[in-house]
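# sequence and predicted structure, then a few things I'm wondering about:
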Amino acid sequence: MTTRPRHSDKEVEDAVAYAEDRGWAVVLGKNHAWAKLLCPHADRTGCIEYVWSTPKNAGNHARDVMRAINKCTHGDEDE
């Protein structure tokens, strides 16, 4: 298992770890998008959530990321 770099903000890092614990993949990005999170549904219809490098309000951004993770229904599928 390879380790990824940590996000500079603890709240956002916790949200990314929350996504990973639920099977989401982290694809490191460039520029303002620090990474994109891909839901466990490995298809073009799967959910994508972007993690910004320097969000205006890190706490709100972390909550938005977690909210998107919780709204995804693809993790509930039996494959």
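Nice, thanks for sending it over. Numbers count the residues shown, from 1 in each chain.
# which stretches of this structure form strands?
Along the chain, counting by DSSP state E, strands occupy 25-28, 33-38, 48-52.
# right, so of these, which gets closest to Arg63?
strand 48-52 (12.2 Å; Cβ to Cβ). Backbone N, C-alpha and C define where each C-beta goes, glycine included.
# show me the contact partners of that closest one.
The contact list for strand 48-52 (Cβ atoms under 8 Å, 6 or more residues apart in numbering) reads 7, 12, 15-16, 19, 24, 29, 32-39, 61, 65, 68-69.
# tell me which residues in it are buried?
The neighbour-count check on strand 48-52 (16 or more other Cβ atoms under 10 Å) flags 49, 51-52 as buried.
# these two touch, right, Asn31 and Thr54?
No: counting by Cβ atoms under 8 Å, Asn31 stays clear of Thr54, with 10.4 Å between them.
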